[in-house]
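Trainee: The following comprises the amino acid sequence and a computationally predicted model.
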Amino acid sequence: MKRLMVVYGTRPEAIKMAPVIDALDRSWMFRPTVTVTAQHRGLLDQVHALFGIRADHDLDILSPRQSLADITVRILDGLCPLLLRERPDAVLVQGDTTTAFAGALAAFYCRVPVVHLEAGLRTDDRYSPFPEEINRRLATQLASLHLAPTCHARENLLRDGVCPSSVVVTGNTVIDALRWAVGRRARFGDPALADLDDTARRVLLVTAHRRESWGSGMEAIACALADLARSEPGLLIVLPLHPNPVVRETILPHVERLENVRLTEPLAYGAFARLMDRSHLILTDSGGIQEEGPGLGKPVLVMRDTTERPEALRAGTSRLVGTDRERIVKEVRRLLHDRSAYAAMARAVNPYGDGRAADRAVRAVGHWLGLCERPPEFGGAGSAPEAAGVEHGLAAQRGPFDAAEGVMVHEQRDEVGVPYGGGDVDEFGRAGARQ
């Protein structure tokens, strides 16, 4: 068995790594080691609890008001000695966080090959999103195997000079995680949402946290939310607050006393997946939600000037609105009052995945290490499911887990050598704990 160290540190990374860790745990090809930096702490622990993940190593780097330089230095200081001691056959990093970049850099310093999951996203603006655009470009330079979520991402990598044979299009593992989480119908778990299932009011789900919006951009977002709350009294605005004090200190004064604004602490992923399903539309600056919203048939308005996820823009299920106060209000109100405009964006064509991305990713790594055949690649919108809501779309489909019960439903072995039948499994579909 090959030793693969999986390195991540934030909630979005954990969500997208969870299906891969599960597939690795069940595969005969690998012995995975989970190493977390804890760039996020509480948010990361929530995801671990939901998916039943136990970290083998925890660098626990989180500190108050940490800078990007602080994060990078502490990851390098913690990870390099660990890599030299463990000597894995490869390191797997995900996406474009500072953990992903620093993890890849640490592996390079220790001469350990890097596999980059969700490779190839680009905006071509190094400061938007900041610091993610440069993080992922640097990760590309450090990686030996590039697992691209879409054909567009592969094109970006080839344009950057990456060897075609080192790129595999897998689909995005967030769809694997979403399918499982939505089917669980988790409780919201926050008193502010206790009556959400008992009201017919339409819900606007909002998330905002990006560094490039700090200052005037975040102030404009807060003012836009206050404008919407006052002009649309029948609308229920739900805002899970990011823990960063810069975000909270900007947003709270504008909205905390408004009756139709529900403020919550960060929700566990299962609860947040259910909240996305309950919402009427989504206003966000998150990258991952741009992928998840279309899979649930929810129009997504993106509070950024650029996006590295143009597939949903092309499909018409998301739209860039920036951080301009008037434009945010105008676009939200248009979708609230123009039924045809709403219907056009709620088509729920998901170009990001089909629920089998983790299996493809594991087999791609196995092929790269000479253990199995190269997997058939994900083909984008043409091979992605067309979701028509949770019950009749995502939750009704079958992937590595039954979406309703979280147990394996396949028999024999799948294409990555994972046993799907004949053996005890836990509620997460895991055939056995990592040794």
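Mentor: Nice, thanks for sending it over.

Trainee: going forward, measure contacts between C-alpha atoms and count neighbours the same way
Mentor: OK.

Trainee: Could you list the low-confidence segments of this structure?
Mentor: Along the chain, segments meeting pLDDT under 70 span 348-349, 380-435.

Trainee: in the stretch 101-250 of the chain, which spans are strands?
Mentor: Assigned strands in the stretch 101-250 of the chain, in chain order: 114-117, 145-148, 167-169, 203-207, 236-240 (criterion: DSSP state E, counting those that start in this stretch).

Trainee: Was I right to think residue 243 contacts residue 266?
Mentor: Yes - in this structure, residue 243 is within contact of residue 266 by C-alpha atoms under 8 Å, at 7.3 Å.

Trainee: From the neighbour counts alone, determine which of these two ranks first.
Mentor: Neighbours per residue, other C-alpha atoms under 10 Å: of residue 243 and residue 266, the larger number sits with residue 266, 18 against 14.

Trainee: Please name the nearest non-neighbouring residue to the more buried one.
Mentor: residue 240 (5.2 Å; C-alpha to C-alpha, 6 or more residues apart in numbering).

Trainee: Which residues does the one you found form beta bridges with?
Mentor: Beta bridges link residue 240 to residue 264 when assigned by DSSP bridges.

Trainee: got a list of what it touches?
Mentor: With contact set as C-alpha atoms under 8 Å, 6 or more residues apart in numbering, residue 240 has these partners: 206-207, 263-267.

Trainee: Out of the residues you listed, who's the most crowded?
Mentor: Counting neighbours by other C-alpha under 10 Å, residue 206 leads the contacts of residue 240 with 24 neighbours.

Trainee: now that one: how far from residue 221?
Mentor: Noted for residue 206: a distance of 10 Å to residue 221, by C-alpha to C-alpha, to the nearest Å.

Trainee: and what of residue 319?
Mentor: Residue 319 is 16 Å from residue 221, where distance means C-alpha to C-alpha.

Trainee: do the same with residue 279
Mentor: 19 Å.

Trainee: Just say helix, strand or coil for residue 32.
Mentor: On the three-state scheme (DSSP: H, G, I helix; E, B strand; the rest coil), residue 32 is labelled strand.

Trainee: Please disregard the earlier target; I meant residue 60.
Mentor: coil.

Trainee: quick one, what contacts it?
Mentor: Counting by C-alpha under 8 Å, 6+ apart, residue 60 has contacts 36-39, 41.

Trainee: can you check residue 75 too?
Mentor: Applying C-alpha under 8 Å, 6+ apart, we find residue 75 in contact with 37, 59, 61, 99, 102-103.

Trainee: repeat for residue 298
Mentor: With C-alpha under 8 Å, 6+ apart, residue 298 has these contacts: 276-277, 279-282, 317, 345-346, 348.

Trainee: Next, it: secondary structure please.
Mentor: Applying three-state DSSP: residue 298 is coil.

Trainee: And stretch 193-208, what's buried?
Mentor: The neighbour-count criterion (16 or more other C-alpha atoms under 10 Å) identifies 193, 196, 201-208 as the buried residues of stretch 193-208.

Trainee: Also stretch 212-221?
Mentor: For stretch 212-221, by 16+ other C-alpha under 10 Å, it's 213, 217-221.

Trainee: ok, back up a step: could the contacts of residue 60 go into CSV alongside secondary structure, distance to residue 82 and neighbour count?
Mentor: Converted to CSV, these look like this (DSSP: H, G, I helix; E, B strand; the rest coil; distance: C-alpha to C-alpha, whole Å; neighbours: other C-alpha atoms under 10 Å):
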residue, secondary structure, distance to residue 82, neighbour count
36, strand, 12, 26
37, coil, 12, 25
38, coil, 15, 23
39, coil, 17, 25
41, coil, 20, 17
